[in-house]
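A.B. asks: Sequence and predicted structure are below.
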Amino acid sequence: MPTHDLNAHRAQAERTAELQRSIQRELEQAEHSRKDANGGQQKNGQAVQAGAREQPQNPFPAQHLEKPGRESDLRPHPSFTAPAYKGSEKLKDKVAIVTGGDSGIGRAVAVLFAREGADVAILYLNEHEDAEVTQRAVEAESRRALCISGDVRDADFCEAAVEKVVQELGHLDVLVNNAAFQLHAPSLDLLSETHLDMTVRTNLYGYFHMTKAALKHLKRGASIINTGSETGLFGAPGLIDYAATKGGIHAFTKSLATRLAPQGIRVNVVAPGPVWTPLNPSDRPADKVPEFGSGTDMKRPAQPEEIAPAYVFLAAPACSSYITGIELPVMGGVHGSG
């Protein structure tokens, strides 16, 4: 695919990021003018630590990030290196695409895939510095990394990106659909059509376009993993549009799993609860951030490195060759954060 085509998609990604910021600004202004006095979350006790190392816990510093949200601006920085996780060549010499791979869950997944022996293509919007951090982390695992900027709402970009990956890295074995747009709206009448369109086209159309582009290159033993959400299972009153798309992703996953099973291609969805990534501090007011995730049984949000092993499990044929069409919840409890 000619380089100038991807350069045009990179420019379009910048315009999309500015559109996301304008949606964010418009909603914040409307919400501020109608803000009720019902704010503040109750503290729900001590955060639970059950992993190999202690993770950051509530309260987090009050902070608000401009869309699309950069991990380099987030405090504390999310934990993504998973030092206790030891690779065992479960993805040796495979090639994976991770959309939204610049930060958050996507970055942690890219790192563990590389630790398991995969080369990784990192697709992202316009967070160039974050993407370079992910690239260096993948290369530190002695695997190849390829960064591609663009907008997954655009089918042409998805086609061009997949072709670039196959051209540069040789083939394609795993697709992780992870890129997302999320922005709380406190009431339905504050959810504009522009906002709804951004959410649906990023979260649903993006998954559809990437999957359609990737399928012609996927062979028996390949895996597609979609990032769903607890909101797709339980709904969320402040995220009506986002929850609807995540529910759609869950149904898309199950339908596609049945369709592709005869080809030996597995399709599954990971449904995280609250995770400390740029998505949420760019999604809500600063004063809502300190107690983010405290409604889970763990009383804290997950760190990306706590979510990423689920993707390794579903990507690796050695682990999950008989698993397709499932929703794997990683929610910090039984019912998530509610």
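C.D. replies: Yes, it's here.
A.B. asks: got a list of contacts for stretch 195-204?
C.D. replies: Stretch 195-204 is contacted from outside by 19-20, 23, 26-27, 152-153, 179-183, 185, 241-242, 244-246, 248-249, 252, using CB atoms under 8 Å, 6 or more residues apart in numbering. Just so you know, the C-beta spots here come from the backbone N, C-alpha and C atoms, and that holds for glycine as well.
A.B. asks: For PyMOL, write a command that selects the buried ones of these.
C.D. replies: To isolate the buried ones among those in PyMOL, judged by 16 or more other CB atoms under 10 Å, type:
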select buried, resi 20+23+27+152+153+179+180+181+182+183+185+241+242+244+245+246+248+249+252
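A.B. asks: Filter the contacts of stretch 195-204 down to just the ones in helices.
C.D. replies: Counting by DSSP state H, those place 19-20, 23, 26-27, 241-242, 244-246, 248-249, 252 in helices.
A.B. asks: backbone phi and psi for N177, please?
C.D. replies: phi -90, psi 110 (degrees, to the nearest 10).
A.B. asks: and what of the one 10 residues further on?
C.D. replies: The phi and psi torsions at S187 (degrees, to the nearest 10) take the values phi -150, psi 160.
A.B. asks: any idea how far it is from E230?
C.D. replies: Per CB to CB, to the nearest Å, S187 is found 22 Å from E230.
A.B. asks: Same question for A11.
C.D. replies: Using CB to CB, we find A11 at a distance of 35 Å from E230.
A.B. asks: neighbour count winner among those two?
C.D. replies: Per other CB atoms under 10 Å, whichever of A11 and E230 has more neighbours is E230, with 24 against 14.
A.B. asks: Starting from N177, give me the distance back to the more buried one.
C.D. replies: As for E230, its distance to N177 is 17 Å (criterion: CB to CB).
A.B. asks: Over to M298?
C.D. replies: 26 Å.
A.B. asks: ditto for A84
C.D. replies: 27 Å.
A.B. asks: Could you check which of those two is surrounded by more residues?
C.D. replies: Each of A84 and N177 has its neighbours counted (other CB under 10 Å); N177 has more, 29 against 9.
A.B. asks: correct me, but that one touches S223?
C.D. replies: No: counting by CB atoms under 8 Å, N177 sits too far from S223 to count as a contact (11.5 Å).
A.B. asks: OK, contacts around L91?
C.D. replies: Taking CB under 8 Å, 6+ apart, we find L91 in contact with 113, 116-118, 173-174, 312, 315-316.
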